[in-house]
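Visitor: Attaching a predicted model along with its sequence, questions to come.
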Amino acid sequence: MESIEMEISITKIKDNEIAALQEIGKKTFSETFSENNTEESMAQYLETSFATEKLQGELKDSNSEFYFARLDDKVIGYLKLNTGSSQTEMKGDNALEIERIYVSKEFHGKKVGQALYEKAMAIAGEKKVDYLWLGVWENNLRAIGFYRKNGFKEFDQHIFMLGNEEQTDIMMKLDLKSNTMKIEFFIKSFEELSTIELYNILKLRSEIFIIEQNCVYQDIDDKDIQCHHLMCFVDGNLAGYTRIVPPGLTYEDASVGRVVIGTAYRGLGLGKQMMEHSIKGCQDILKESRIRISAQFYLLKFYNSLGFSEVGEPYEEDGIPHIEMVLH
């Protein structure tokens with residue numbers, strides 16, 4: 001079983017898509033702020049900030065960029081970036097502001113925000129900026145936690161007016177020049193795992209496979225005792241995991257399963273690194289070069305890139321399309 005990712009596309013917003021931008025902008029802002037602000041203040045802000053003329057000007061601004069997150073043809077979130085003089089606070093020449101990342105409430109926890117954040121990071125790399133910065137509403141603890149886990153640090157506060165009401169933003173900054181993560185991989189047998197390592201592994205698996213995927217199943221299946229366990233740590237925190245299964249336990253061949261990455265660590269390229277280390281683990285520890293997996297069907301190309309070939313026809317496992325694949 002693996003963590004699910006939807007087929008989310010990120011596309012640059014065009015001049016003729018202002019109506020869709022207004023719709024998603026007003027919807028997501030209201031979902032975020034309406035509970036804590038008056039109807040009058042909300043109406044005033046939405047009318048001003050998402051006025052057609054204002055958005056037209058921002059779309060024509062060469063220092064600002066807008067992107068939609070889409071699931072199929074449905075707009076489910078958006079991103080706004082600023083550089084140079086278009087930044088709302090800091091005006092650093094070599095900085096990128098993430099002014100807005102908003103996602104429809106029904107898609108919270110579905111990695112849409114992560115996909116938009118990854119787009120921002122990619123653009124920061126293309127522009128070779130020294131740092132990213134942003135402001136997060138002080139009561140948006142979910143967002144603050146997300147950015148902290150991605151390396152952002154608080155450096156200031158500022159007040160913005162929502163209608164007649166004062167709101168406080170926490171200013172956060174990511175220094176790209178000095179921001180280096182320590183990524184480590186360890187493979188241990190069940191007996192070698194410490195109590196806290198086993199606890200964190202089972203906690204991560206249940207968070208993703210049972211809670212996030214809303215799939216009730218028996219995760220602890222008695223195979224763990226006979227398997228080796230790959231742990232990926234980022235700055236000392238468990239970020240990802242795979243289970244290296246000996247031949248004869250799940251398949252006649254060796255296998256890699258329970259492939260999972262924590263929500264705060266997606267978009268860092270850990271999936272490929274984990275699988276490469278897992279393949280090497282099968283070869284070095286189990287002395288097996290033939291590896292068979294049950295892959296979620298949408299990850300077909302990802303596993304193809306690692307040398308796996310599909311076997312047979314797609315099938316459903318726990319309501320999710322899968323396909324059997326083999327690495328020779």
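Guide: Perfect, thanks for sending it. Residues are numbered from 1 along each chain as shown.

Visitor: residues touching Ala115, list them.
Guide: 8, 10, 69, 267 (C-beta atoms under 8 Å, 6 or more residues apart in numbering). Where you see a C-beta, it was placed from the backbone N, CA and C, and this is true even at glycine.

Visitor: go with 6 Å
Guide: With contact set as C-beta atoms under 6 Å, 6 or more residues apart in numbering, Ala115 has these partners: 8, 10, 69.

Visitor: In helices, which of the residues you listed fall?
Guide: Using DSSP state H, no member of the contacts of Ala115 falls in helices.

Visitor: in the helix or strand where Tyr117 lies, what's buried?
Guide: Assigned by DSSP states H and E, Tyr117 belongs to helix 112-127. For helix 112-127, the neighbour count (16 or more other C-beta atoms under 10 Å) marks 112-117, 119-121, 123-124 as buried.

Visitor: Also stretch 317-328?
Guide: Buried residues in stretch 317-328, defined by neighbour count with 16+ other C-beta under 10 Å: 322-327.

Visitor: re earlier: could you single out the nearest of the contacts of Ala115 to Val216?
Guide: Using C-beta to C-beta, Ile8 comes nearest to Val216 of these, at 25.4 Å.

Visitor: So what's the residue count around that closest one?
Guide: 18 (other C-beta atoms under 10 Å).

Visitor: Excluding sequence neighbours, find me the nearest residue to it.
Guide: Distances taken as C-beta to C-beta, 6 or more residues apart in numbering put Ala115 closest to Ile8, at 4.7 Å, once the chain neighbours are dropped.

Visitor: swap in Arg70?
Guide: Ser9 (4.9 Å).

Visitor: And that neighbour, how far from Lys119?
Guide: 10 Å (C-beta to C-beta, to the nearest Å).

Visitor: a markdown table please, covering the buried residues of helix 112-127 and showing pLDDT and distance to Thr168.
Guide: What follows is the buried residues of helix 112-127, written out as a markdown table (pLDDT from 0 to 100; distance: C-beta to C-beta, whole Å):
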| residue | pLDDT | distance to Thr168 |
| --- | --- | --- |
| Val112 | 91 | 26 |
| Gly113 | 90 | 21 |
| Gln114 | 87 | 25 |
| Ala115 | 90 | 28 |
| Leu116 | 94 | 24 |
| Tyr117 | 93 | 22 |
| Lys119 | 93 | 27 |
| Ala120 | 94 | 23 |
| Met121 | 91 | 26 |
| Ile123 | 93 | 28 |
| Ala124 | 91 | 26 |
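
Visitor: Considering those, which is situated nearest to Gln22?
Guide: Using C-beta to C-beta, Leu116 is the member of the buried residues of helix 112-127 that lies nearest Gln22, at 18.1 Å.

Visitor: List the residues that contact the closest residue to that closest one other than its chain neighbours.
Guide: Spatial nearest neighbour of Leu116, excluding adjacent residues (C-beta to C-beta, 6+ apart): Leu79 at 4.3 Å. If you count contacts by C-beta under 6 Å, 6+ apart, Leu79 has them with 67, 101, 116.

Visitor: name the element Leu79 belongs to?
Guide: If you go by DSSP H and E, Leu79 is part of strand 74-82.

Visitor: Next step: the contacts of Ala115 restricted to strands.
Guide: Of the positions in these, 8, 10, 69 sit in strands, assigned by DSSP state E.

Visitor: Check those against Ile293 and report the nearest one.
Guide: Ile8 (23.5 Å).

Visitor: Tell me where the stretch 151-300 of the chain has strands.
Guide: All strands of the stretch 151-300 of the chain, identified by DSSP state E, counting those that start in this stretch, fall at 153-162, 165-175, 183-189, 228-234, 237-245, 254-261, 291-296.

Visitor: Can you flag the weakest of those by average pLDDT?
Guide: When those are ranked by mean pLDDT, strand 153-162 comes last with a mean of 85.

Visitor: May I have the strands that pair with it, each with its orientation?
Guide: strand 165-175 (antiparallel) (DSSP bridges).

Visitor: if we can go back for a sec, mind listing what's buried in the strand holding Leu79?
Guide: For strand 74-82, a neighbour-count test (16+ other C-beta under 10 Å) marks 75-82 as buried.

Visitor: could those go into CSV alongside distance to Leu299 and pLDDT?
Guide: Below are the buried residues of strand 74-82 laid out as CSV (distance: C-beta to C-beta, whole Å; pLDDT from 0 to 100):
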residue, distance to Leu299, pLDDT
Val75, 25, 97
Ile76, 21, 97
Gly77, 22, 97
Tyr78, 26, 98
Leu79, 24, 98
Lys80, 30, 98
Leu81, 29, 97
Asn82, 34, 96
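
Visitor: Let me have those residues in JSON lines, extended by distance to Leu193.
Guide: JSON lines is the format used below for the buried residues of strand 74-82 (distance: C-beta to C-beta, whole Å):
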{"residue": "Val75", "distance to Leu193": "44"}
{"residue": "Ile76", "distance to Leu193": "39"}
{"residue": "Gly77", "distance to Leu193": "38"}
{"residue": "Tyr78", "distance to Leu193": "43"}
{"residue": "Leu79", "distance to Leu193": "40"}
{"residue": "Lys80", "distance to Leu193": "44"}
{"residue": "Leu81", "distance to Leu193": "43"}
{"residue": "Asn82", "distance to Leu193": "46"}
